[in-house]
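Novice: starting from these lines, generate the structure:
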Amino acid sequence: MQTIDLIEPEDGSVTVPLQEHRLHPDEDGPFESTGSGDVYAWNNLEIVSVDRSVPKPVPLSWSKIQRGWRSVTYDVILSPSPEFNQDCVHLNAVTKPLVEVWHLFIGTTYYWKVCANRGGEQVAESGTSRFTTNSLPPRWIKVPGTTNVRDLGGWPLPQKKRIRQGMIYRSSELNRNLNITERGRKILEDDLRIRTDLDLRGDHDGGGPALDPEKVQWINVPISPYDCICDAAFRDGYRSIFDTFADPSSYPVLFHCIGGADRGGTVAFLLSALLGKRRELLMRDYELTSLSIWGDRSRASEQFRGLMDALLPFGNDPEDIQEQVEKYVLSLGLSTQAIAAIRDLLIVQD
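Specialist: Predicted coordinates:
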């Protein structure tokens, strides 16, 4: 049997960051463009934006077998386990000795191998190689037909912990102004295995369930963002959102409004703060929506300052966002047991 040599990534290497656009090191310019992205037209209006909220794939390549290569296909398998018995990614019937793999977890070591087949018979195989994906967050997800899709996981927490990846995602809407494609549905339903579509839009926003109801439950909780978190009209809604996060059967969860910028941005901020994410990273994550098609979001904006001001009465230390958010959700009627459940589900040791 012939031997296949694995070429890229090199064994033991670390990939480049998996963002098409990355955080800029200069505080005065928080983002740096490194590519063009996809072009979207919103709601059939003359508003066209370039979407920079997109990831990079990891390219894999290997040597071509020497005999009978024209009729050969390749099967590729990746796993975080060297025994290939955990969270495997299968890429079958690949026709060339290279392939791109999308949406791998960041900061994760993967093992991979390749076999070649001709006429249903295996004719060559490789050994096992390993590489580690770059740990720089966020973990963007490319879902055709929508934008601003990212995993809340992967961000560092104090005491050498991280937010667990693959559990909770945020995005723009899936229907009405933007409409998810069939490929996009497959990514959400089958690849990410979304089980709860938490829709934050109100009746005036239109829309409704966009995913297969046999696979994904649709929960509609209309809210208003920023300083409205304390309004009597929305307190029950925010309580319902955190009840959903405390329920293990809800996961993986996708939540969204229209752009995933304001209502979605507020929910992401509150949840991440409850988990202990640092103040600076909370603000940077909020501003990352500026890379999508929905315009700039800034920590200096009046809207964002309204959210921060609304939280101030809930803490003794104006810099302790986690304390403020914990007391806020307790004021909604969420139990300490529910808060503990959310943290148990979404925090892992680094």
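Novice: going forward, measure contacts between C-alpha atoms and count neighbours the same way
Specialist: Will do.
Novice: beta partners of Phe255?
Specialist: Arg170, Leu198 (DSSP bridges).
Novice: wait, what's in contact with it?
Specialist: Phe255 sits next to 168-171, 197-200, 264 when contact means C-alpha atoms under 8 Å, 6 or more residues apart in numbering.
Novice: now do the contacts for Pro318.
Specialist: Leu312 are the contacts of Pro318 under C-alpha under 8 Å, 6+ apart.
Novice: ok but it is inside a helix, no?
Specialist: No - the assignment for Pro318, made by DSSP: H, G, I helix; E, B strand; the rest coil, is coil rather than a helix.
Novice: for it, grab phi and psi.
Specialist: Note on Pro318: backbone dihedrals following degrees, to the nearest 10 are phi -60, psi -20.
Novice: measure it to Val329 for me?
Specialist: Pro318 sits at a distance of 17 Å from Val329 (criterion: C-alpha to C-alpha, to the nearest Å).
Novice: and what of Leu98?
Specialist: Taking C-alpha to C-alpha, one finds Leu98 at 49 Å from Val329.
Novice: neighbour count winner among those two?
Specialist: Val329 (21 against 17; other C-alpha atoms under 10 Å).
Novice: need the contact list for the residue nearest to that one when sequence neighbours are not counted.
Specialist: Nearest residue to Val329, sequence neighbours excluded (C-alpha to C-alpha, 6 or more residues apart in numbering): Arg239, at 7.1 Å. Applying C-alpha under 8 Å, 6+ apart to Arg239 gives the contacts 329, 332-334.
Novice: check Arg239 and give its pLDDT.
Specialist: If you check Arg239, the pLDDT there is 98.
Novice: ok so it is a helix residue?
Specialist: Yes - applying three-state DSSP, one finds Arg239 inside a helix.
Novice: all further residue positions should be reported with the first residue as 757.
Specialist: Understood, numbering begins at 757; the last thing we discussed is Arg995.
Novice: how about low-confidence regions in the stretch 807-956 of the chain?
Specialist: 823-825 (pLDDT under 70).
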